[in-house]
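Undergrad: take a look and give me a structure for this.
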Amino acid sequence: MNQANETISARLGRFAAELRAEDIPTDVLERAKYLILDAVGIAWASTHFDFAHRTLSAVTEMSGTGGDTPVIGLAHRLQARDAMLVNGLLVHGLDFDDTHAPGVIHATASCFPSALGVAALADLDGRSLLAAYVAGMEAATRLGAVAKGGFHQVGFHPTGLIGAFGCSLVAGRLLGLNAKQLRDAQGIALSVGSGSLEFLQDGAWTKRMHPGWAAVAGYTAATMARHGFVGPRQAYEGRFGLFPSHLGALMEQADLSLATEGLGSKWEVPVVSVKPIPACHFTHASADAAAILRDKHGLKASDIESVRVLVPAEVVKTVCEPVATKQRPQNSYDAQFSIPYTVATGLLRGDFGLQHLEDAALQDAEVIALAHKVKYEVDPDSPFPKYYSGEVVVTTTDGRELRHREEVNRGASDRPLSAADIEKKFMANATLAASPARAQQLLEAVLTLDRAPSARALAQALAR
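TA: Residues are numbered from 1 along each chain as shown. Below is the predicted model of the structure:
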């Protein structure tokens, strides 16, 4: 087929099949290792929380005996697909993992568990793992960007939905699929990719499993394609392809060219943002603006009459509504997706960290009372989706109006966390469940993974 007439899945399949590790720029590979480091630290931190162990109990029951694939931060061994599911959940479980802003997707949370699981299963080396991870990230982030935030508007979570396609390429590359088989794998992924945003209504745990399920779906699709199972050729642009079927009327704003634009020359991995705050990325700029106002003016609860927060229109459904749930979070997930709660916490406590997701913090009467004074407005000057801006306007009890705007959210591609920042974040997360010495071993294992002779040994090194 003439390359100009290739379907999107054919083009992405050819890219994943032909990409050589030596073709990936050094800075992209280095950034990829730091994204993986961030993910591993969060996974270890997640083992400190109840949701991880309830998940493990369920998956262990299904996995049965005989599994030999390690799980990050845990001593358990599972069947390969089940390990991918749990690893994805651990990376994404605290909503502290990286985000590709244009794609509005947490792609590492699915691509890394997929790459680690399949590379370990096939006993490939660390460089092969890293190259496959990069290939999947480059595809998944671009596919997310096509929708221009539209998936969230119609209730789909691209981390799970799009993640399945990225993982079909990660797994397929590591399994040795050719370009045609990789095209079929993406077509098969069309029938198994999923992810609903209904959890936003009541703080349900389902979002946590989306990237792990995407890794399972991608591995399943790739294995089916490896054995000759045929998938639809137009997985994305066809009559009932991903974008027409899932975006509906919002298909009009989608740009299909973004799915393949710059493949192999313009790299998306360096654009991926590492989170400085354990909450939905849409809340970060506002939470930071609130903390800055507190520090600058020495604000106390008794000083604040009311609060207005200017947010992008595209994030309202996710972090501002329903208002009652956002003003009084019932659990940590409610809190992580709440502009009122994160802003009130920033104004009164000066930052937003994992400690503000504990039950005691969620019952803090002073913070909850202030959250009820926080109202949102749509920001007419928002730069979304390039940046997730936020502006906080406080009216004080003595009549002053204090405001601060964060145009570019901290951690964004134009305001990135440094390597030292990421290492610091990693150590803080990993040492919730590991000794400092063990955490240092993990750090060194990840940052040298491109020289690791065995992905299987690496997976073991990341487990407890």
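Undergrad: every contact and neighbour count from this point should use C-alpha atoms.
TA: Noted.
Undergrad: which stretches in the stretch 51-200 of the chain count as strands?
TA: Remark: strands assigned in the stretch 51-200 of the chain by DSSP state E, counting those that start in this stretch are 69-70, 77-78.
Undergrad: which of these sits most buried?
TA: Compared across the strands of the stretch 51-200 of the chain, strand 69-70 shows the largest average neighbour count, a mean of 26 (mean count of other C-alpha atoms under 10 Å).
Undergrad: so what does Gln440 look like in phi/psi?
TA: Main-chain torsions, Gln440, degrees, to the nearest 10: phi -60, psi -40.
Undergrad: which residues touch it?
TA: Listed by C-alpha atoms under 8 Å, 6 or more residues apart in numbering, the contact set of Gln440 reads Met427.
Undergrad: equivalent analysis for Leu449, please.
TA: Counting by C-alpha under 8 Å, 6+ apart, Leu449 touches Lys33, Gly126, Arg127, Leu130, Leu458.
Undergrad: would you confirm that the last one contacts Ala452?
TA: Right, the one you point to is Leu458. Yes. Under the criterion of C-alpha atoms under 8 Å, Leu458 makes contact with Ala452 at 7.1 Å.
Undergrad: count the neighbours of the residue nearest to Glu138 when sequence neighbours are not counted for me.
TA: Among residues not flanking Glu138 along the chain, Glu268 sits closest, at 5.7 Å (C-alpha to C-alpha, 6 or more residues apart in numbering). For Glu268, the number of neighbouring residues by other C-alpha atoms under 10 Å comes to 21.
Undergrad: how's the protein carved up into domains?
TA: As given by automatic domain parsing, the domain ranges for the chain are 3-276+426-462, 281-406.
Undergrad: circling back to that earlier point, Gly228: which of the strands of the stretch 51-200 of the chain is closest?
TA: Within those, the stretch nearest Gly228 is strand 69-70; the backing value is 26.0 Å (C-alpha to C-alpha).
Undergrad: got the contact list for the nearest residue to Ala75 once chain neighbours are set aside?
TA: Spatial nearest neighbour of Ala75, excluding adjacent residues (C-alpha to C-alpha, 6+ apart): Arg464 at 4.8 Å. Shown in contact with Arg464 (C-alpha under 8 Å, 6+ apart): Ile72, Gly73, Leu74, Ala75.
Undergrad: buried subset of those as a PyMOL selection?
TA: To isolate the buried members of those in PyMOL, using 16 or more other C-alpha atoms under 10 Å:
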select buried, resi 72+73+74
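Undergrad: any chance of the contacts of Arg464 in JSON lines, plus pLDDT and distance to Phe243?
TA: Formatted as JSON lines, the contacts of Arg464 follow (pLDDT from 0 to 100; distance: C-alpha to C-alpha, whole Å):
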{"residue": "Ile72", "pLDDT": "98", "distance to Phe243": "34"}
{"residue": "Gly73", "pLDDT": "98", "distance to Phe243": "36"}
{"residue": "Leu74", "pLDDT": "97", "distance to Phe243": "38"}
{"residue": "Ala75", "pLDDT": "94", "distance to Phe243": "40"}
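Undergrad: from the contacts of Arg464, which is closest to Leu56?
TA: Nearest to Leu56 among those: Leu74, at 9.5 Å, using C-alpha to C-alpha.
Undergrad: give me the nearest residue to the closest one, chain neighbours excluded.
TA: Of all residues not flanking Leu74 in the chain, Arg464 sits nearest, at 4.7 Å (C-alpha to C-alpha, 6+ apart).
Undergrad: please report how far the nearest residue in space to Leu169 that is not next to it in sequence lies from Gly411.
TA: The shortest distance from Leu169 to any non-neighbouring residue, by C-alpha to C-alpha, 6+ apart, is to Gly136 (5.8 Å). Counting by C-alpha to C-alpha, to the nearest Å, the gap from Gly136 to Gly411 is 22 Å.
Undergrad: that's all I had, so thanks and see you.
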